[in-house]
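> Structure for this input, please:
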Amino acid sequence: MTRPTHRLAWAALVLALGAGAASAQDLRLAPAAPQPHPAFYMYEKFAGFLAEESGGTMTGTILGPEVVALPQVKDAVATDLVNVANALPLYFAADFPRTGVAGDLALLGRSPHAMAMAMTDFGVNCADCQAEFKAFNGVFLGAGSSDPYVLITTKPVRTAADLQGLRLRSGGAPFSRWAEHFGATPVNMPVGETFEAMSQGTIDGSIASIVDMLSFRLVDVAKHVTVMPLGTYHVTSNFTVGMSTWMGMSPESRAQFVAAANRGNPQLTDRWAFQLPEAARAAVAEKGIEVIEPDPAFVAASEAFAQADVAARVAADPLAAQFADLVTKWTAIVDEVGGDPEALAARAQTEIWSKVDFATYGQ
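Residues are numbered from 1 along each chain as shown. As a prediction, the model looks like this:
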């Protein structure tokens, strides 16, 4: 090869590589949580799915909470600081009053995957919810769920009478209503303040996921765990795509992106509701924290309250009735499919996303 020919070949190679690099879009991803959190785990999975589903034309770089934490998600999405972020509609309650209706039925939560899939189905097909996300400058692409909440306390709770006078951190209105019904006082505080409040005796415990034993080191202050299924936290928007990012995608790219997000959604639930609770229970056992199976009469009374609370919401709001119906639908599907995240994602693709027109969705 002569030197001029060599130079032409090298130039052609550089141009080809440059064209490949230009066609690949590296998206800024914000799980808004530290690495141990299940949301970070979900985003690690999603980054791999995104490259796979797009054939490498879309990739992702994960940014930590030092760049975008949960309170900054709204501004980060609106200003294009990030392209995709983990948004919690209940955290931005004023922006999502209709989406939040699903959270007011938290006491329905017994099957985490069913609650997550129902929330995804709900968010995609609820016109009011779609309008709220549009005003938020984001696009909703699915949800995940916690495990059913339990009581984590410094005092033993075996019967309903044991709740009288206790001060309990509450993760939302349904849990507050439950606490008040049984004579406890719900306390609204950020979850990150739970450890200090329990250690100082400001509160007697928390209505929370057992994962908080590890995530917020409650294992070092709690004395008892009462295994009372109290509902789930499932109103999430795992991959909230900034509107300008979404508008810049072709329908084909949107479909690829959604396929990756759809596979990522049940990964959050698998991590939050199954993997981490197992690790938390092991830590509880190692610390010698008492695990209490509550009195059957207490369990029956709790279930009766949950059913009555849900019935009241359903009767008052057609949107709540819609979500309750979706929980019934997806509970049956999860019972049929099982808990494998990929199998659940395949079913969600068929039941939900295959019916979406990506030329218009989210706009």
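> where along the stretch 101-250 of the chain do the strands fall?
138-139, 150-153, 167-169, 185-187, 205-208, 224-226, 237-242 (DSSP state E, counting those that start in this stretch).
> Quickly compare these and say which is most buried.
strand 237-242 (a mean of 28; mean count of other CB atoms under 10 Å). In short, each C-beta sits where N, CA and C put it, glycine included.
> what lines up beside that one in the sheet?
strand 84-87 (antiparallel), strand 138-139 (antiparallel) (DSSP bridges).
> Using TSV, lay out the strands of the stretch 101-250 of the chain together with distance to Arg271 and mean pLDDT.
Shown next, in TSV, are the strands of the stretch 101-250 of the chain (distance: least, CB to CB, whole Å; pLDDT from 0 to 100):
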stretch	distance to Arg271	mean pLDDT
strand 138-139	23	98
strand 150-153	18	98
strand 167-169	23	98
strand 185-187	28	97
strand 205-208	16	97
strand 224-226	20	98
strand 237-242	12	98
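> As a markdown table, the ones you listed with distance to Lys329 would be great.
A markdown table is the format used below for the strands of the stretch 101-250 of the chain (distance: least, CB to CB, whole Å):
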| stretch | distance to Lys329 |
| --- | --- |
| strand 138-139 | 24 |
| strand 150-153 | 26 |
| strand 167-169 | 32 |
| strand 185-187 | 31 |
| strand 205-208 | 27 |
| strand 224-226 | 31 |
| strand 237-242 | 20 |
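> For the protein, which element, helix or strand, carries the lowest mean pLDDT?
helix 3-23 (a mean of 37; mean pLDDT, DSSP states H and E).
> from the chain's centre, how far out does whichever helix or strand comes after that one sit?
The first helix or strand that comes after helix 3-23 along the chain, using DSSP states H and E, is strand 25-30. Centre-to-centre, strand 25-30 and its host chain are 19 Å apart (CA atoms, centre = their mean, to the nearest Å).
> Which neighbours in the sheet does strand 25-30 have, and how are they oriented?
Sheet pairing for strand 25-30, using DSSP bridges, gives strand 58-62 (parallel), strand 84-87 (parallel).
> how about stretch 179-188: buried residues?
Ala179, His181, Phe182, Ala184, Thr185, Pro186, Val187 (16 or more other CB atoms under 10 Å).
> Show me which residues of the host helix or strand of Asn262 are buried.
According to DSSP H and E, Asn262 maps onto helix 251-270. Neighbour counts using 16+ other CB under 10 Å place 253-270 of helix 251-270 among the buried residues.
> And stretch 301-312, by the same measure?
Buried, per 16+ other CB under 10 Å, within stretch 301-312: Ala301, Ser302, Phe305, Ala306, Asp309, Val310.
> residues contacting the fourth one?
Under the criterion of CB atoms under 8 Å, 6 or more residues apart in numbering, the neighbours of Ala306 are Leu107, Leu108, Trp178, Gly231.
> Is the first one in contact with Ala311, as I believe?
No - with contacts counted by CB atoms under 8 Å, Leu107 stays clear of Ala311, the gap being 10.6 Å.
> before we move on, back to that, is it possible to get JSON lines of the contacts of Ala306 that adds distance to Tyr91?
As requested, the contacts of Ala306 are exported to JSON lines (distance: CB to CB, whole Å):
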{"residue": "Leu107", "distance to Tyr91": "20"}
{"residue": "Leu108", "distance to Tyr91": "20"}
{"residue": "Trp178", "distance to Tyr91": "21"}
{"residue": "Gly231", "distance to Tyr91": "18"}
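> Need the buried ones from those selected in PyMOL.
Buried members of the contacts of Ala306, defined by 16+ other CB under 10 Å, are picked up in PyMOL with:
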select buried, resi 107+108+178+231
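> wait, which of the contacts of Ala306 is closest to Arg98?
Leu108 (17.5 Å; CB to CB).
> Touching, the closest one and Asp325? I think so.
No - counting by CB under 8 Å, Leu108 sits too far from Asp325 to count as a contact (11.1 Å).
> anything in contact with each of these two?
Common neighbours of Leu108 and Asp325 (CB under 8 Å, 6+ apart) do not exist.
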